[in-house]
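K.L.:
What would the 3D arrangement of this be:
(one chain, ligands or ions: 1)
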Amino acid sequence: MDVREFFSQWDIYRLCIEHNTLHHREVEECLRAEFRHRHTPFRFLDLASGDATITARALAPAPVASYTAVDFSAPALALAGGNTAVLDCPREFLNEEFTDFLRTRGGIFDVIYLGLSLHHLSREDKREAMVHLHRLLAPDGVFCMFEPILHGGESRDECLARWHRHMDGPYDAFPAAAREAVWDHVRTFDHPESLDEYFDSARAAGFADGAVLFQDQGNFYALMRFTR
Ligand SMILES: C[S@@+](CC[C@H](N)C(=O)[O-])C[C@H]1O[C@@H](n2cnc3c(N)ncnc32)[C@H](O)[C@@H]1O
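P.N.:
Model prediction:
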């Protein structure tokens, strides 16, 4: 199953959200806190938006000037349309590769969120994406990114073996086929980086400052925040 097919069968990913295996609840809380600090209307870009479950809820109380979602899964975008209907602002839903969007798009955003998708790219392509993310951000803009991380000195294989062991427990409630599909997706497509690499690539792209807003107990994922 390729990446597009996996995310077109949204019911499998939906299980991850419902069972909070990827820490969506904690990330939603951090995003809500981030948006609460903004008192003037902001233009929001939801890159690889999925169904926008957490961004829609976190944005609902905030002064959003516009909402743009980019995703190559049409079923996910259709769900995002429903979930973001609570937002009182113009919305657009672009069914395309976010890397193409980043390379070709003009326009400026005040807040960009990229959740659980950059890690599908090679290191070189991740670094190129960071350059474009910096370019698309307003001068006082903020970029938040939630991605899987390698421990310092850990190889991809070691990280994935660690991730596979941690499925026992959090993924026990999944039907066997769904659990296998998640593992198959992770071992085929995930290319996590260390926090050092993410921060270094952000600096190289021109970002001024970076911080970790959330890390799970197992140190599998981190929510990072970068300012322009
Ligand atoms: C793991 S889900 C994350 C969804 C949401 N951002 C979140 O944090 O829950 C990944 C989403 O990114 C989309 N996606 C992955 N790679 C993509 C790419 N290269 N271009 C566009 N969308 C992509 C998938 O279709 C899917 O909806």
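K.L.:
Residue 170: what's it in contact with?
P.N.:
19, 21 (C-beta atoms under 8 Å, 6 or more residues apart in numbering). Backbone N, C-alpha and C define where each C-beta goes, glycine included.
K.L.:
The most centrally placed residue in the chain bridge partners, please.
P.N.:
Using C-alpha atoms, centre = their mean, the residue of the chain that lies closest to the mean C-alpha position is residue 115, 0.4 Å off. Residues found in beta-bridge contact with residue 115 (criterion: DSSP bridges) are residue 146.
K.L.:
check contacts around it.
P.N.:
Here residue 115 is in contact with 27, 47-48, 50, 54-55, 145-146 (criterion: C-beta under 8 Å, 6+ apart).
K.L.:
How is the residue lying closest to residue 54 once chain neighbours are set aside assigned, secondary-structure-wise?
P.N.:
Among residues not flanking residue 54 along the chain, residue 28 sits closest, at 3.9 Å (C-beta to C-beta, 6 or more residues apart in numbering). Under the three-state scheme (DSSP: H, G, I helix; E, B strand; the rest coil), the conformation of residue 28 reads as helix.
K.L.:
Would you confirm that residue 28 contacts residue 58?
P.N.:
Yes - here residue 28 reaches residue 58: they are 5.2 Å apart, a contact under C-beta atoms under 8 Å.
K.L.:
contacting residues around stretch 221-228?
P.N.:
22-23, 26-27, 30, 34, 134, 137-149, 195, 198-199, 202, 206-215.
K.L.:
swap in stretch 93-103?
P.N.:
47-48, 68-72, 74, 77, 80-81, 114, 117, 121, 125, 128-129, 132-133, 136.
K.L.:
which ones are touching residue 111?
P.N.:
Taking C-beta under 8 Å, 6+ apart as the definition, contacts of residue 111 comprise 34-35, 38, 42-45, 141-144.
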